[in-house]
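*Asks:* Fold the following.
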Amino acid sequence: MVFGVGMLISSQRYARLFKGEIETLRLRALDQERTYGVRSLFASPVRLSGPVGSAVMAVPTPDGWKEEIIEPLPRVYHNLLAWPDAHESRALRDLNGNQNLIVFNETNHWKMRMVYEILFTRLETRHFVPGIVPDSGLYSEPGVYLAMRARGPSDRRVALLQSVDGRNFDYTLPAPRVRGSGSGQDLQATLQSILSSRVLLVRLKDLPVGPDHLPVEWRVYLFRSSETGQFTVAAGLAKRDILRMGSERERCWRLRPALAATFGSEASTLESQVEESGLQVVRALSLFLPGIAQIAVDFWMDPEGRLTLIGLVGCYRTDWMQRSGELQAQRLLADHPVRFARLLSRMGVKLHVDFDRAGSGIRA
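*Replies:* Numbers count the residues shown, from 1 in each chain. The predicted structure is shown next:
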């Protein structure tokens, strides 16, 4: 018996399916159906909201994408929307509020101020939270700061600031590279203009480090097991993306070689620390955001090996794993949604904070 799972995508992406622009998605869905007996049905959440018991959904076939009227609707949904618009956000809330339906990864973009507030409530994750500088007290002390966009998608989402006196600052916007300086009085307006957004400013313990003496994001990929429901590490790596800081190339490394290039003999210990820290973060967040099923957690590391959380990604680029040679992990995470959906269907319950215990021993 083939089990159907709903894949929630934007209306724009839905239209692109029929133009032949996303063939890799169709071929992967067909392979997953053959391998796991799970059929992927694609639709915008806007099409599924309301009391209607059926919807037209995109179905992958060997000959291309086709539309079919699906009735009754699937009970389990994987949210692939990274930046839903207002209509899609409302429809997602309606779907998630329906007690007869199960939505996992119900949000793929996390507002960092909210994330920091959640993690600060837990003793085991409090030290990952940088000091958030209140708007009324900006740039009053010397040190290293990270300015992030408060909202909205952009590849220009962060800037690094340094000051030796708390009054005058040098800043670097990694990609595209912009460097400048300014005083505390006018720097906030300058950064808001550059980042095209209100700025969330956090204070770091020190400058981040990485291979080649340039900062990287230390990323760990985590997922909820399709057998037990417990969070598990799939892979880790170091990547230089927006944090190129003068280098024009994107680069990535496997986690331990990158740590060895940066910290030498301490690499093994720090590898375990990064992985365990990622698990601590996602376990804490899942108490408040129980729909998380897979996530990438990004840290910065200072010269002392201390970690600061700088980002969470639910809808992430898998090519970083391909570049670093983590092909097995890449395939595992690509197949994870359909395997996990099958487990949720067998459980017959919505995701909740006791899922680890409720799912223990269940085999997908």
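*Asks:* what's near enough to touch residue 129?
*Replies:* Contacts of residue 129 were listed using CB atoms under 8 Å, 6 or more residues apart in numbering, and they are 116, 119-120, 308-309. (C-beta placed from N, C-alpha, C; glycine too.)
*Asks:* Give me the distance between it and residue 6.
*Replies:* 35 Å (CB to CB, to the nearest Å).
*Asks:* Per the annotation, how does this protein divide into domains?
*Replies:* Split into domains by automatic domain parsing, the chain comes to 3-104, 112-127+210-358, 131-204.
*Asks:* Turn these into a markdown table, including mean pLDDT and mean neighbour count.
*Replies:* Shown next, in a markdown table, are the domains of the chain (pLDDT from 0 to 100; neighbours: other CB atoms under 10 Å):
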| stretch | mean pLDDT | mean neighbour count |
| --- | --- | --- |
| domain 3-104 | 90 | 17 |
| domain 112-127+210-358 | 88 | 19 |
| domain 131-204 | 70 | 16 |
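*Asks:* and after the longest strand along the chain, which helix or strand comes next?
*Replies:* If you go by DSSP state E, the chain has its longest strand at strand 231-240. Following strand 231-240 in sequence order, the next helix or strand is strand 251-254 (DSSP states H and E).
*Asks:* which strands and helices sit next to that following strand?
*Replies:* The contact analysis (3 or more CB pairs under 8 Å, 6 or more residues apart in numbering; DSSP states H and E) places strand 251-254 against strand 231-240, helix 319-324.
*Asks:* Each with direction, which strands does that strand pair with?
*Replies:* Each strand that pairs with strand 251-254, with its direction, by DSSP bridges: strand 231-240 (antiparallel).
*Asks:* Just the CA trace of the strand it pairs with, in PDB.
*Replies:* C-alpha atoms of strand 231-240 as PDB (Å, rounded to 0.1, in the frame of the first residue of the first chain):
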ATOM      1  CA  PHE A 231      17.300  13.600  17.300                       C
ATOM      2  CA  THR A 232      20.500  12.300  15.600                       C
ATOM      3  CA  VAL A 233      23.500  13.900  14.000                       C
ATOM      4  CA  ALA A 234      23.700  13.300  10.200                       C
ATOM      5  CA  ALA A 235      26.900  15.200   9.400                       C
ATOM      6  CA  GLY A 236      29.000  18.200  10.200                       C
ATOM      7  CA  LEU A 237      31.100  20.600   8.100                       C
ATOM      8  CA  ALA A 238      32.700  24.000   8.000                       C
ATOM      9  CA  LYS A 239      31.600  26.400   5.300                       C
ATOM     10  CA  ARG A 240      32.600  29.800   4.100                       C
END
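*Asks:* which residues does the residue positioned nearest the centre of the chain bridge with?
*Replies:* Geometric centre of the chain, nearest residue: residue 313, 0.9 Å, by CA atoms, centre = their mean. Note on residue 313: beta-bridge partners by DSSP bridges are residue 296.
*Asks:* sorry, back to before: which pair in the contacts of residue 129 spans the largest distance?
*Replies:* Greatest spacing in the contacts of residue 129, by CB to CB: 120 and 308 (12.9 Å).
*Asks:* The helix or strand harbouring residue 95 - contacts with which helices or strands?
*Replies:* Using DSSP H and E, residue 95 maps to helix 86-97. When contacts are defined as 3+ CB pairs under 8 Å, 6+ apart, helix 86-97 packs onto helix 45-48, strand 102-104.
*Asks:* just checking, next helix/strand downstream of the longest one?
*Replies:* I take that to be helix 45-48. Next along the chain after helix 45-48, taking DSSP H and E as the criterion, comes strand 55-61.
*Asks:* any idea which helix or strand comes after that next one?
*Replies:* Per DSSP H and E, the first helix or strand lying C-terminal to strand 55-61 is strand 64-70.
*Asks:* quick check: angle from that following strand to strand 55-61?
*Replies:* 150 degrees (axes from the mean of the first three to the mean of the last three CA atoms, to 10 degrees).
*Asks:* Outside of strand 64-70 itself, which residues are in contact with it?
*Replies:* The contact list for strand 64-70 (CB under 8 Å, 6+ apart) reads 4, 17-18, 20, 26, 41, 54-59.
*Asks:* What pairs with it, parallel or antiparallel?
*Replies:* Counting by DSSP bridges, the strands paired with strand 64-70 are strand 55-61 (antiparallel).
*Asks:* before we move on, back to that, closest to residue 188 out of the helices and strands packed on strand 251-254?
*Replies:* Shortest distance between residue 188 and those, using CB to CB, is found for strand 231-240: 27.3 Å.
*Asks:* Residues touching that closest one, excluding its own?
*Replies:* Contacts for strand 231-240 (CB under 8 Å, 6+ apart): 210-211, 214-225, 247, 249-255, 258-259, 271, 274-275, 278-279, 282-283, 286, 320-321, 324, 326, 329-330, 332-333.
*Asks:* go on, stretch 105-114?
*Replies:* Contact partners of stretch 105-114, identified using CB under 8 Å, 6+ apart, comprise 78-83, 92, 96, 132, 148, 150-151, 153, 200, 285, 289, 291-295, 310-315.
*Asks:* next one: stretch 197-209
*Replies:* Contacts to stretch 197-209, defined as CB under 8 Å, 6+ apart, come from residues 112-113, 116, 130-133, 138-139, 141, 143-152, 154, 160, 162, 188, 191-192, 215-216, 243, 262, 300-304, 306, 308.
*Asks:* give me the element the closest residue to residue 78 other than its chain neighbours is part of.
*Replies:* Residue nearest to residue 78 in three dimensions, not counting chain neighbours: residue 337, with 4.4 Å by CB to CB, 6 or more residues apart in numbering. Applying DSSP H and E as the criterion places residue 337 in helix 327-347.
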